[in-house]
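Student: Structure for this input, please:
(chains A, B, C and D)
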There are 4 protein chains.
Amino acid sequence: MGGFAPKTGTLLVQAPHHKGIVSAIQQLLVSHGATVIDAAHHAEDGRLYQRLRFDSSMLEGPLEHALRNLAARFELSWQISYAKKRIAILTSKQEHCLYDLLVRHRGGELPCEIAMIISNHPDAEPIAKHFGTPFYYLPVTAESKPRQEADMVTLLQGIDLVVLARYMQILSPGFVKCFPQRIINIHHSFLPAFIGANPYRQAHERGVKMIGATSHYVTAELDQGPIIEQATVGISHRDGVDDLTRKGRDLEKRVLAAAVRAHLDDRILVHANKTVVFD
Amino acid sequence: MGGFAPKTGTLLVQAPHHKGIVSAIQQLLVSHGATVIDAAHHAEDGRLYQRLRFDSSMLEGPLEHALRNLAARFELSWQISYAKKRIAILTSKQEHCLYDLLVRHRGGELPCEIAMIISNHPDAEPIAKHFGTPFYYLPVTAESKPRQEADMVTLLQGIDLVVLARYMQILSPGFVKCFPQRIINIHHSFLPAFIGANPYRQAHERGVKMIGATSHYVTAELDQGPIIEQATVGISHRDGVDDLTRKGRDLEKRVLAAAVRAHLDDRILVHANKTVVFD
Amino acid sequence: MGGFAPKTGTLLVQAPHHKGIVSAIQQLLVSHGATVIDAAHHAEDGRLYQRLRFDSSMLEGPLEHALRNLAARFELSWQISYAKKRIAILTSKQEHCLYDLLVRHRGGELPCEIAMIISNHPDAEPIAKHFGTPFYYLPVTAESKPRQEADMVTLLQGIDLVVLARYMQILSPGFVKCFPQRIINIHHSFLPAFIGANPYRQAHERGVKMIGATSHYVTAELDQGPIIEQATVGISHRDGVDDLTRKGRDLEKRVLAAAVRAHLDDRILVHANKTVVFD
Amino acid sequence: MGGFAPKTGTLLVQAPHHKGIVSAIQQLLVSHGATVIDAAHHAEDGRLYQRLRFDSSMLEGPLEHALRNLAARFELSWQISYAKKRIAILTSKQEHCLYDLLVRHRGGELPCEIAMIISNHPDAEPIAKHFGTPFYYLPVTAESKPRQEADMVTLLQGIDLVVLARYMQILSPGFVKCFPQRIINIHHSFLPAFIGANPYRQAHERGVKMIGATSHYVTAELDQGPIIEQATVGISHRDGVDDLTRKGRDLEKRVLAAAVRAHLDDRILVHANKTVVFD
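Tutor: Next up, the predicted model:
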């Protein structure tokens, strides 16, 4: 032990709320040489959600071994991360979310490595090049979809998070299953309103006075995954579908970036299709 | 002609957008001795919506006669109003919207006469008394509903607007038909999400990150009428159904009052189940 | 020990952030028979802020004795509360904030006893009566001010919080000193913009596109106390001073109520003229 | 006359509100062969503000001649524009507003030609290149400032709007005078709060609970020009100056882009250091 440079880790934990579990976890960290630098917890419906940031200069193995023992005892699920995450961005023809993520990353807002951009259209290649990010063009048709998704799975080995930046293809349940709570999508409506295609057109037809955007983890069921972040903006009778599309873009960018940021910081826990997002 | 004190009127007009219709309407007003003091219009999908405020010291008869002629020529629908409107508030057990409307009225925010409060519970009587408003207690059961609604229709003779301030009974299509575009309801969700009962519970179960409120004209189909105003507020995993209910109340009050105010100012036009709400 | 019905207490603590202080406080509570049910903390600039809610069926004396010892050791300042707070509302002629607080209280949103309403005008008496709250009419002139404030201090014995609900008199430094961090005011601007009189007029003259409201603890310096809550709303060139006043009222009500609620829940800590407001 | 392709023009007018002025202007347009396609007006303090969009296939000369005559008669100031505007972006080291404007332009949100980017640092050159925009690097020191500004004035010949996208140099009154109501700046506070340098630091020190951004026309007096657009976002005690900076960037981007868009659409009129911004 010792001899290692100290590094910062984050432990996310959830479990049925037994008495003593909070102190058991804290003690486990301390007894393995970690110093807790930030702690947040939330309790709801007899369940405990906890996030602990800590500094440690110890080997990871013993700590994780101890956590596995604790998990067995308390029906606890846990996840620990130390390093900067590696993310991949999937996109299609619309560029606003892609540019937004790349510019935020460049400005230091997104603590991660953007390992690659994948698109089913070639258009984004110059953008990828400008930001120095590897680009993969994987076109897709109804027939080639299984093959294309298999290629993506291969490319995405070792990726911690897949961000759908207005990727306009529905991912198969098989693909989704490979990345549980590791795919974030932006849907351009205030879910659960206006599920599916053309939400701005749907909103215009219903005559709503606000539009919204929703970022969520992707599950097998379309637009039904756990919601991470939402925002809305007022509109009026003067706004046509084009105006809704333009105004909505601002929401999409903010709401997607906020969700990605929360994931990168290990601030999200999921249970029963709902999220706890620590501040 | 002449001899009358000048009074302010508002003309709301909509029609297919024929060339010349705007100037025809303006000229009609001017030629009947009116001075236009404010004008707003909106054109969409080949349809014109117009609001004209004017001062006039002339007889109303000739102007309305001329409007009827114009209406026949241009497939134009119109509505003119001069006096302060008389409104009725329907309520049940929840008081926040009722108090809110009464206090705003008392503070000069709602230019109308609150002619009566009707409730299916006796609880609001002291509130009505405090504000000097006539109160009618009309309890309702499944069996007595037709009778109770008939009693309400009788009471509501001469009322320009019926405001449902958290009135927890579903009005029959027959009742609704008596007051076309003259009943405003507040629904405690961001419609079209969470139609029907217990929207805050529905919102909590879905795990949304914002809640909303929607004011709309009541039509025969539940929660499907033309939307007048909406607002939203952010929530988090820390908020239980009680917190949503509390936070939502602030939205309900604002959104209902804004819709009532817009109606009282003759700023709302309805077409194809959507509203134009002039500023 | 034992024999007492369990009651819920809240401990607010701040201190220079020494190692071990967090666990020392927790241990102190536990060793005095308390069960921590909620804990939040914040660290900034080498300073620790902590809020602990706990259930206890023990005598309060020994716990407070132990806290005093700890405070001496760690330069820690602390405050503990068990019971519902008693508040007084000071008001003048404008009624909207007064009504708002009373209706919220009646609806269960404000966990406190509203012990009295004091006004320098008689107008609010029927309102106080309607809500069953004692009312004191204490008129004030430049000459009578010292006497009037002395009368208020007498009336306010045993009051935990004084809420200025659009009370239009400037309180003397002597009065303010009697209630440190126990007077909450609502200022109808987005402080620090538009300090002093007629902020809506100032805002209109500057031509801003949003207006705001700010709730803060009152200190000797006008409109300079620690800010608790702020909100804003968009306006346009169409809005005159009257519209700003009307739109601003909605902000004032929400922002004042939110601050009062946070104080009643013991969620606010003050240091260096700034607040930590736990969620 | 005739033989010309129809083009769309926008007429902005303001004048003391004489009776008959509205119809005089409309008639003048019509009598010169224009068809009014959109009209908005605002009256305040005895002054009329009007915006008319029209289609015309006539020569511009006679219409402008007629307008000059009308202007003399009614103390009317007017401005007419037909073509897409040409804008220049001035920037320094911070890239977020620059990228934002370029991406919006590329996405069709900003109907203009971005004729050039000028910076006092070389960093933005690759960005300009990526978007195919001419770039001029004009470094500046206290001594070279007059020369640098003179160079800019030369470059900016024929430019309709100068956008300061976080350009961190104070422009001299002489420079500003060359572009009256044609320079838009983004200030990263909710003006008039936190004028001058480091507004996020000032905001953090005051302990506000919201931050804002303000776009305005630049006048000789620093941060005192007519405000075009403002927005705010909530912050908490958890947010350090870095967080304010990050959260504020989103406001800056939106608020600057909205102002630029309003200017490009000829929707802004200025009087007495205030703006009328038509929807």
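Student: Now do the same contact list for the nearest residue to A:S119 once chain neighbours are set aside.
Tutor: In space, A:S119 comes closest to A:T91 once its chain neighbours are excluded; the distance is 4.9 Å by CB to CB, 6 or more residues apart in numbering or on different chains. Every residue, glycine included, has its C-beta placed from N, CA and C. Shown in contact with A:T91 (CB atoms under 8 Å, 6 or more residues apart in numbering or on different chains): A:C97, A:L98, A:I117, A:I118, A:S119, A:A124, A:L164, A:A165, A:R166, A:Y167.
Student: Now the buried members of those residues.
Tutor: A:C97, A:L98, A:I117, A:I118, A:S119, A:A124, A:L164, A:A165, A:R166, A:Y167 (16 or more other CB atoms under 10 Å in any protein chain shown).
Student: hmm, back to that, which among the contacts of A:T91 gets closest to chain D?
Tutor: A:L98 (9.4 Å; CB to the nearest CB).
Student: Determine if any part of the helix or strand where the closest one lies is in contact with chain D.
Tutor: Under the criterion of DSSP states H and E, A:L98 resides in helix A:96-106. Yes - applying CB under 8 Å from any CB of the partner chain, one finds helix A:96-106 in contact with chain D at A:H96, A:Y99, A:D100, A:V103, A:R106.
Student: you'd agree A:L251 is in a strand?
Tutor: No - A:L251 sits outside any strand when classified using DSSP: H, G, I helix; E, B strand; the rest coil, being helix.
Student: re the thing from before, and the helix holding A:L98, what's buried?
Tutor: Quick answer for helix A:96-106 (16+ other CB under 10 Å): A:H96, A:C97, A:L98, A:Y99, A:D100, A:L101, A:L102, A:V103, A:R104, A:H105.
Student: Restricting to C-alpha, output the helix or strand following it in PDB.
Tutor: Next along the chain after helix A:96-106, taking DSSP H and E as the criterion, comes strand A:112-119. Taking C-alpha atoms only, strand A:112-119 is exported to PDB below (Å, rounded to 0.1, in the frame of the first residue of the first chain):
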ATOM      1  CA  CYS A 112     -14.400  13.600 -20.700                       C
ATOM      2  CA  GLU A 113     -12.600  12.400 -23.800                       C
ATOM      3  CA  ILE A 114     -14.800  12.500 -26.900                       C
ATOM      4  CA  ALA A 115     -13.400   9.400 -28.500                       C
ATOM      5  CA  MET A 116     -15.300   9.400 -31.700                       C
ATOM      6  CA  ILE A 117     -18.300  10.700 -33.700                       C
ATOM      7  CA  ILE A 118     -20.400   8.200 -35.600                       C
ATOM      8  CA  SER A 119     -22.900   9.300 -38.200                       C
END
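Student: for strand A:112-119, packing partners?
Tutor: Helices and strands touching strand A:112-119, as assessed by 3 or more CB pairs under 8 Å, 6 or more residues apart in numbering or on different chains; DSSP states H and E, comprise strand A:85-91, helix A:96-106, helix A:125-130, strand A:135-137, helix A:145-155.
Student: Export these as a markdown table, with columns for mean pLDDT.
Tutor: A markdown table is the format used below for the helices and strands packed on strand A:112-119 (pLDDT from 0 to 100):
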| stretch | mean pLDDT |
| --- | --- |
| strand A:85-91 | 98 |
| helix A:96-106 | 98 |
| helix A:125-130 | 98 |
| strand A:135-137 | 98 |
| helix A:145-155 | 98 |
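Student: Could you check how far the closest residue in space to A:L110 that isn't next to it in sequence is from A:H96?
Tutor: In this structure, A:L110 finds its nearest non-sequential neighbour in A:R104, 5.2 Å apart by CB to CB, 6+ apart. Computed as CB to CB, to the nearest Å, the A:R104 to A:H96 distance reads 12 Å.
Student: Over to A:D160?
Tutor: Taking CB to CB, one finds A:D160 at 24 Å from A:H96.
Student: now swap in A:F131 and tell me
Tutor: According to CB to CB, A:F131 and A:H96 sit 15 Å apart.
Student: Okay, domains of chain A per the record?
Tutor: A:8-81, A:85-277 (automatic domain parsing).
Student: Show me what from the stretch 151-279 of chain A comes close to chain D.
Tutor: Residues of the stretch 151-279 of chain A lying near chain D (CB under 8 Å from any CB): A:S236, A:R238, A:R246, A:R249, A:D250, A:R254, A:D279.
Student: Now do stretch A:221-229: distance to the chain's middle.
Tutor: Here the centre of stretch A:221-229 is set off from its chain's centre by 11 Å, with CA atoms, centre = their mean, to the nearest Å.
Student: What's the end-to-end length of that stretch?
Tutor: 18 Å (CA to CA, to the nearest Å).
Student: pLDDT averaged over that stretch, what's the number?
Tutor: In this model, stretch A:221-229 carries a mean pLDDT of 95.
Student: How about it and chain B, touching?
Tutor: Yes - for stretch A:221-229, a contact with chain B is found by CB under 8 Å from any CB, at A:P226, A:I227, A:I228, A:E229.
Student: and of the residues you listed, the nearest to B:N198?
Tutor: Nearest to B:N198 among those: A:I227, at 18.8 Å, using CB to CB.
Student: Now for that closest one: which residues touch it?
Tutor: Counting by CB under 8 Å, 6+ apart, A:I227 has contacts A:L191, A:T214, A:S215, A:H216, A:K274, A:T275, B:R206, B:G207, B:V208, B:K209.
Student: Run a quick neighbour tally on the last one.
Tutor: The number of residues packed around B:K209, counting by other CB atoms under 10 Å in any protein chain shown, is 26.
Student: do the same with the first one
Tutor: By the measure other CB under 10 Å, the count of residues near A:L191 is 24.
Student: hey, where'd the strands end up in chain A?
Tutor: A:7-16, A:35-44, A:47-56, A:77-81, A:85-91, A:112-119, A:135-137, A:161-165, A:183-187, A:210-217, A:227-234, A:268-271, A:274-277 (DSSP state E).
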